[in-house]
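>>> from the sequence below, what's the structure:
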Amino acid sequence: MMILEKSIEHIKEFPHLYPNITDNLKRCVLHRFPYSIFYSIIDNTILILSVAHQHRKPFYQK
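Okay, the predicted model is just below:
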């Protein structure tokens with residue numbers, strides 16, 4: 001999925017660009033697809049926690 005890969009590259013280039021959901025959780029919304037990337041920045045490391053469908057319950061995991 002190219003859009004997912006491009007979004008991850010954009011997060012790597014501009015990790016502080018996206019809004020905070022909580023103190024240490026950020027969200028990047030994918031364009032043209034109903035998914036969001038949830039991630040944290042810990043000690044200059046980007047940790048992707050989830051790629052979640054936007055129309056599911058918050059933090060829904062299979």
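>>> so the spatially most central residue of the chain is in which element?
Nearest to the centroid of the C-alpha atoms of the chain, with distances taken as C-alpha atoms, centre = their mean, sits I37, at 2.2 Å. Assigned by DSSP states H and E, I37 belongs to strand 35-42.
>>> poorly predicted segments of the chain, please.
The chain contains residues with pLDDT under 70 at 1, 56-62.
>>> returning to what we had before: the nearest residue to the residue nearest to the centre of the chain once chain neighbours are set aside: neighbour count?
Leaving aside its chain neighbours, I37 sits nearest to C28 (4.4 Å; criterion: C-beta to C-beta, 6 or more residues apart in numbering). Every C-beta, even on glycine, is put in place using the N, C-alpha and C of the backbone. Residues lying near C28 (other C-beta atoms under 10 Å) number 21.
>>> mind listing what C28 touches?
Going by C-beta atoms under 8 Å, 6 or more residues apart in numbering, C28 touches 7, 10-11, 18, 36-37, 39.
>>> need the three-state assignment for it.
Of the three states, C28 takes strand under DSSP: H, G, I helix; E, B strand; the rest coil.
>>> ranges for the strands of the protein?
Remark: strands assigned in the chain by DSSP state E are 20-22, 25-29, 35-42, 45-53.
>>> of all those strands, which lies closest to I3?
Closest approach to I3 among the strands of the chain (C-beta to C-beta): strand 35-42, 8.7 Å.
>>> now the angle from that closest one to strand 45-53?
Angle, strand 35-42 to strand 45-53, by axes from the mean of the first three to the mean of the last three C-alpha atoms, to 10 degrees: 160 degrees.
>>> what is strand 35-42 packed up against?
The contact analysis (3 or more C-beta pairs under 8 Å, 6 or more residues apart in numbering; DSSP states H and E) places strand 35-42 against helix 2-13, strand 25-29, strand 45-53.
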